[in-house]
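Novice: model the structure of this input:
(one chain, ligands or ions: 2)
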Amino acid sequence: MDYASYAKEKAASIIKSGNATVLAIETSCDETAAAVVKNGRTVISNIIHSQIPIHQKYGGVVPELASRSHTERIRPVTDEALSKAGLTLKNIDAVAVTFGPGLVGALLTGVSYAKGLALAGKLPLVGINHIHGHIAANYLSCAGLEPPFVCLVVSGGHSHIVLVRDYLDLELLGKTRDDAAGEAFDKVARVLGLGYPGGPKLESLALSGDPHAFDFHSPFNSGDHPDFSFSGPKTAVINLLHKAKQKGETVNFADIAASFQLSVVKVLCAKTVRAAKLSKVSLVALAGGVSANKLLRSTMLEMSESEGMKFCCPEFEYCTDNAAMIGSAGFYALMSGRLHGLELNADANPGLK
Ligand SMILES: Nc1ncnc2c1ncn2[C@@H]1O[C@H](COP(=O)(O)OP(=O)(O)OP(=O)(O)O)[C@@H](O)[C@H]1O
Ligand SMILES: [Mg+2]
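Specialist: Ligands and ions are numbered 1, 2, ... in the order given. This is a model prediction of the structure:
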């Protein structure tokens, strides 16, 4: 029997049983990650190799260095995920892998390796959209969570308000018109001399600042529409620093960090809760690296509860890139029969599909 027929047959028997142990791989940007996840909800192992030390001296991710590092780390990271789970490929039911969006060279490493594993183990292969993965991180952390809900996906490359009608039925309700929220955090952190990745460093500095010291809000964000702009607040910070330098004045960086963080968080929460109300759903979720931000988590909780909505967010370890979230999304794709063959390719910009 050829691979395609074998994988199809295996997938049919998995769907019938309703159970699957998925080996998941994620290499879309600067983390090489592998995980073993049971039935979309239980993480058995979750290994992440971060490339931060490689890219730190350049102030951002260097795509070629990212691809090379993924190539070196993909095998040991996957082997570790299996051994920490106490399993071998023989105990795995399916392989899930991020196919996009992301850096194409980085994605190709994971996709190629996953294809090799699927072929060697005669296992079904499921390609997963990284954004679907971030959203699925909520299924790992919030017991009993079921669609429909509205999820704010805020990461290094995306600021999306997504209506999750069902596990695989997503609709984009709103998005950033320019910078992603994480990108804006990183750029502001860079001009404040905090280094890369800037989000967590800016959050720490903000703790000692006055969030009302400056008003960095953008008029675009006041509109009655679901889209964001973060380039305006970022430019306001840069202009403030520039003017202060020209006048020889000193500015309190902690006040800038706290005011910038508050301006971003306020607009993210207000627009998400409004979108949830308009969509008539009673649950709001968070996803992506910026969802690790404590002010964002507490403000979204407060605002959604004040509208009588429930709130869910991933545990910290599942906010930034990881493979456990891909394993969860992979389970639901597998159960709906959405399989890929060995023709699966990396796609740097697949949208939400
Ligand atoms: N505590 C925090 N506060 C604010 N931002 C944060 C925090 N922790 C992480 N971030 C930001 O999250 C981003 C990284 O998130 P993630 O790993 O999901 O992004 P990515 O995978 O590079 O982008 P994408 O998911 O859009 O492809 C960075 O911009 C980082 O600064
Ligand atoms: Mg990500």
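Novice: ok, now how distant is the residue in the stretch 51-200 of the chain that ligand 2 sits nearest to from Phe230?
Specialist: Per C-beta to the ion, Ser155 is where the stretch 51-200 of the chain lies closest to ligand 2, at 4.4 Å. All C-beta atoms are positioned from the backbone trio N, CA, C, and that covers glycine. For Ser155, the distance to Phe230 (C-beta to C-beta, to the nearest Å) stands at 12 Å.
Novice: identify the contacts common to those two.
Specialist: Common neighbours of Ser155 and Phe230, using C-beta atoms under 8 Å, 6 or more residues apart in numbering, are Ala180, Ala181.
Novice: out of those two, which sits in the busier spot?
Specialist: Phe230 (30 against 24; other C-beta atoms under 10 Å).
Novice: so that one makes contact with Asp179?
Specialist: Yes. Here Phe230 reaches Asp179: they are 4.4 Å apart, a contact under C-beta atoms under 8 Å.
Novice: now do the residue in the stretch 201-350 of the chain that ligand 1 sits nearest to, the pLDDT please.
Specialist: Nearest residue of the stretch 201-350 of the chain to ligand 1, counting by C-beta to the nearest ligand atom: Gly289, 1.8 Å away. Gly289 is assigned 96 on the pLDDT scale.
Novice: show me what contacts it?
Specialist: The contact partners of Gly289, by C-beta under 8 Å, 6+ apart, come to Val154, Ser155, Gly156, Gly182, Pro197, Gly199, Cys319, Thr320, Asp321.
Novice: tabulate those residues (JSON lines), appending pLDDT.
Specialist: Shown next, in JSON lines, are these (pLDDT from 0 to 100):
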{"residue": "Val154", "pLDDT": "98"}
{"residue": "Ser155", "pLDDT": "95"}
{"residue": "Gly156", "pLDDT": "92"}
{"residue": "Gly182", "pLDDT": "95"}
{"residue": "Pro197", "pLDDT": "84"}
{"residue": "Gly199", "pLDDT": "96"}
{"residue": "Cys319", "pLDDT": "97"}
{"residue": "Thr320", "pLDDT": "95"}
{"residue": "Asp321", "pLDDT": "97"}
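Novice: ok, those residues vs Leu145, which is closest?
Specialist: Checking the contacts of Gly289 against Leu145 by C-beta to C-beta gives Cys319 as the nearest, at 15.5 Å.
Novice: from Val126, how far off is the closest one?
Specialist: For Cys319, the distance to Val126 - C-beta to C-beta - is 22 Å.
Novice: more neighbours: those two, which one.
Specialist: Per other C-beta under 10 Å, whichever of Cys319 and Val126 has more neighbours is Val126, with 29 against 24.
Novice: I'd say that one and Arg338 touch.
Specialist: Yes. Judged on C-beta under 8 Å, Val126 makes contact with Arg338 at a distance of 6.8 Å.
Novice: quick check, Val36 in contact with Ile25.
Specialist: No. Applying C-beta under 8 Å as the test, Val36 and Ile25 come out as separate, 10.8 Å apart.
Novice: what distance do you get for Ala287 to Phe228?
Specialist: The value you get for Ala287 to Phe228, if C-beta to C-beta is used, is 15 Å.
Novice: also Met335?
Specialist: For Met335 relative to Phe228 (C-beta to C-beta), the value is 33 Å.
Novice: also Ala257?
Specialist: In terms of C-beta to C-beta, Ala257 sits 19 Å off from Phe228.
Novice: how about His212?
Specialist: In terms of C-beta to C-beta, His212 sits 21 Å off from Phe228.
Novice: these two - which one has more neighbours?
Specialist: Remark: of His212 and Phe228, Phe228 carries more neighbours, 29 against 10, as counted by other C-beta under 10 Å.
Novice: bridging residues for that one?
Specialist: Beta-bridge partners recorded for Phe228 (DSSP bridges): Thr176.
Novice: OK, contacts around it?
Specialist: Contacts of Phe228 (C-beta under 8 Å, 6+ apart): Ser159, Gly174, Lys175, Thr176, Arg177, Ala181, Phe220, Asn221, Val267, Leu268, Lys271.
Novice: quick check: residues of the stretch 1-150 of the chain near ligand 2?
Specialist: Within the stretch 1-150 of the chain, no position is adjacent to ligand 2 by C-beta under 5 Å from the ion.
Novice: got the residues of the stretch 151-300 of the chain near ligand 1?
Specialist: Residues of the stretch 151-300 of the chain lying close to ligand 1 (C-beta under 6 Å from any ligand atom) are 155-158, 182, 185-186, 197-200, 203, 288-290, 292-293.
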